[in-house]
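Trainee: can't give you the sequence, but here's the structure:
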């Protein structure tokens, strides 16, 4: 949650001042300015924060399973270490890595779909 909060804060403060002047010249209300200018400008950084938060939550969940749970992938890794089962430990790490890659790929696909204007802009540069 912290990476998402930090990225949201930074995104809201990094909106180009010219966009606010455009909103004033178009006589947009504060709500319209937020919906049509602030939110679309901030969404790419918010999405990046969400990807970072999801990666962090995967790490925290596996670590907390290792310390506190009675079953799960964290316990599987812990037991493979206790019983010197290197093959099982590598398999567990492979599974966690695969889960992280799949979650990241899904988030990237959602970003490209929902933030199409951002990717069109950056690919034109």
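Mentor: Received it, and whenever you're ready, just let me know what you need. Worth saying up front: this structure is predicted, and the values here are computed from it rather than measured. Numbers count the residues shown, from 1 in each chain.

Trainee: Any figure for the gap between the residue lying farthest from the centre of the chain and residue 89?
Mentor: The C-alpha centroid of the chain is most remote from residue 83, which lies 35.2 Å away (C-alpha atoms, centre = their mean). With distances taken as C-beta to C-beta, to the nearest Å, residue 83 is found 10 Å from residue 89. All C-beta atoms are positioned from the backbone trio N, CA, C, and that covers glycine.

Trainee: Output the lowest mean pLDDT helix or strand found in this protein.
Mentor: helix 116-124 (a mean of 72; mean pLDDT, DSSP states H and E).

Trainee: Enumerate every residue touching the most centrally placed residue in the chain.
Mentor: Taking C-alpha atoms, centre = their mean, the centroid of the chain lies closest to residue 51, which sits 1.3 Å from it. Residues in contact with residue 51 (C-beta atoms under 8 Å, 6 or more residues apart in numbering) are 104, 107, 108, 111.

Trainee: just to revisit the earlier point, mind listing what the residue farthest from the centre of the chain touches?
Mentor: By C-beta under 8 Å, 6+ apart, the contact set of residue 83 is empty.

Trainee: Tell me, how many residues neighbour residue 23?
Mentor: For residue 23, the tally of surrounding residues (other C-beta atoms under 10 Å) stands at 18.

Trainee: Touching, it and residue 33? I think so.
Mentor: Yes. The criterion here is C-beta atoms under 8 Å, and residue 23 meets it with residue 33 at 4.3 Å.

Trainee: coming back round to it: and the residue nearest to the centre of the chain, what are its phi and psi?
Mentor: The phi and psi torsions at residue 51 (degrees, to the nearest 10) take the values phi -60, psi -40.
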